[in-house]
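Colleague: Here is my input; please provide its structure:
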Amino acid sequence: MSNEDLKSKYGRGNSYNSEEKNSTNVNDSSKSEEESKYGRNNTYTKKTKETLTQQQKDIKANIANVISQYTQEHQSFNSKQNIKNRQNQESFLVKTIKGIISFCILATIICIVIALIAKPQIDAEGEIIIEQIKKSEDLYYSKMHKYHYFSKTNYDQTLGIDLSIYKFFTLCEVIPNEEFGNYEAKIYGATNAFTMTYYYLKTFITKKQQ
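Modeller: Numbers count the residues shown, from 1 in each chain. This next block holds a predicted model:
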């Protein structure tokens, strides 16, 4: 190949050289684009890091929300459970009180009914005891010109009063009556609905055992 041909092919101003340079420039620009795209400190890398950081923050926020929601639900459940336990305790207490009140009312009614049944026998026995005390006091006064006073007892030797033989009364006493200047006799035992029921049932059970 002649020098002219070589010059025309590889010379400074020939077309082949310019095309080669253009190709080199294109490759350089492509490399620069790749470097700008994938380099350490380029914009793409920063955006990727920012995206990953934001995703991590979002994940952490979601986890925190889940934990917070679980904690609130757990606290709400415990609160409801405590309220339910209190209601159950109050309900048990209310039921117990109602049961006691109902029992007392029923017991009172039963006592009244039994007292009405037993009243004639109790009144008759009380009159017998009072009459015995009266006769004994009159006899004592005729001899001693004074009345015999004694405190609560089931037996008085002076007047010969013995309440152990009676069913519904266990104690008696004679005290001065300042208004009339004589005495007042009192007997103790079946004097109200409850004690009348007690002594009546006691007498009934004793008879059954005999």
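Colleague: hang on, residue 191 in a helix?
Modeller: No: using DSSP: H, G, I helix; E, B strand; the rest coil, the secondary structure at residue 191 is coil, not a helix.
Colleague: count of residues packed around it?
Modeller: 15 (other CB atoms under 10 Å). Where you see a C-beta, it was placed from the backbone N, CA and C, and this is true even at glycine.
Colleague: try residue 66
Modeller: The tally of other residues near residue 66 (other CB under 10 Å) stands at 10.
Colleague: hey, where'd the strands end up in the protein?
Modeller: Counting by DSSP state E, the chain has strands at residues 150-153, 155-156, 161-162, 169-177, 182-189.
Colleague: contact partners of the third one?
Modeller: Counting by CB atoms under 8 Å, 6 or more residues apart in numbering, the neighbours of strand 161-162 from elsewhere in the structure are 129, 132, 133, 136, 154, 155, 172.
Colleague: With adjacent residues omitted, what lies nearest to the second one?
Modeller: Translated: residue 132. Using CB to CB, 6 or more residues apart in numbering and skipping the chain neighbours, the partner closest in space to residue 132 is residue 161 (6.4 Å).
Colleague: Could you list everything that neighbour pairs with in the sheet?
Modeller: Under DSSP bridges, the beta-bridge partners of residue 161 are residue 156.
Colleague: what pLDDT does it get?
Modeller: At residue 161, the model reports a pLDDT of 93.
Colleague: do the same with residue 57
Modeller: Per-residue pLDDT puts residue 57 at 72.
Colleague: Show me where the chain has its helices.
Modeller: Taking DSSP state H as the criterion, the chain carries its helices at 3-10, 15-38, 43-144, 193-209.
Colleague: Dump the strands of the chain into CSV; add mean neighbour count and distance to residue 195 as well.
Modeller: Below are the strands of the chain laid out as CSV (neighbours: other CB atoms under 10 Å; distance: least, CB to CB, whole Å):
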stretch, mean neighbour count, distance to residue 195
strand 150-153, 13, 15
strand 155-156, 16, 20
strand 161-162, 18, 20
strand 169-177, 17, 10
strand 182-189, 16, 7
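Colleague: ok, now how distant is the nearest residue to residue 112 once chain neighbours are set aside from residue 125?
Modeller: Leaving aside its sequence neighbours, residue 112 sits nearest to residue 193 (CB to CB, 6+ apart; 5.3 Å). Residue 193 is 17 Å from residue 125, where distance means CB to CB, to the nearest Å.
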